[in-house]
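Trainee: Curious how this folds, go ahead:
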Amino acid sequence: MTDTNISTILEIVLRIGGLAHIDPDADYFEAGVTSVQSLPLLLELEDRFQVSIPDDQFIHTRTVRGLAKLVETLTN
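Mentor: Okay, here's the model as predicted:
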């Protein structure tokens, strides 16, 4: 997992969630990202990293660091 992926995903989560800050290991839903915002988040991640993220894996991955690991797994 690269720091670039973490920082890119962090920026996307902050922007879509309308958040000022979140720790990469914090649950972004608990930090304020809503279920309505999760679809644009999923779509942007898939577009940005050119991957297809399975819904069940996305739903259970609730941190920026977890998303970075998931994206890395799907791109390798």
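
Trainee: which residues does Ala26 contact?
Mentor: Thr63, Val64 (C-beta atoms under 8 Å, 6 or more residues apart in numbering). Backbone N, C-alpha and C define where each C-beta goes, glycine included.

Trainee: Which secondary structure state is assigned to it?
Mentor: Following DSSP: H, G, I helix; E, B strand; the rest coil, we place Ala26 in the coil state.

Trainee: Report pLDDT for it.
Mentor: At Ala26, the model reports a pLDDT of 97.

Trainee: Can you list the neighbours in contact with stretch 60-69?
Mentor: So stretch 60-69 is contacted by 1-2, 5-6, 9-10, 13, 22, 24-30, 45, 70 (C-beta under 8 Å, 6+ apart).

Trainee: which regions of the protein sit below the pLDDT cut-off?
Mentor: Across the chain, the ranges flagged by pLDDT under 70 are 1.

Trainee: Do you have the helices of it handy? List them.
Mentor: Secondary structure of the chain by DSSP state H: the helices cover 3-17, 35-49, 55-60, 64-75.

Trainee: who's in contact with the first one?
Mentor: Residues lying outside helix 3-17 but in contact with it, judged by C-beta under 8 Å, 6+ apart, are 19-22, 24, 28, 31-34, 37, 40-41, 44-45, 48-49, 64-65, 67-68, 71-72.
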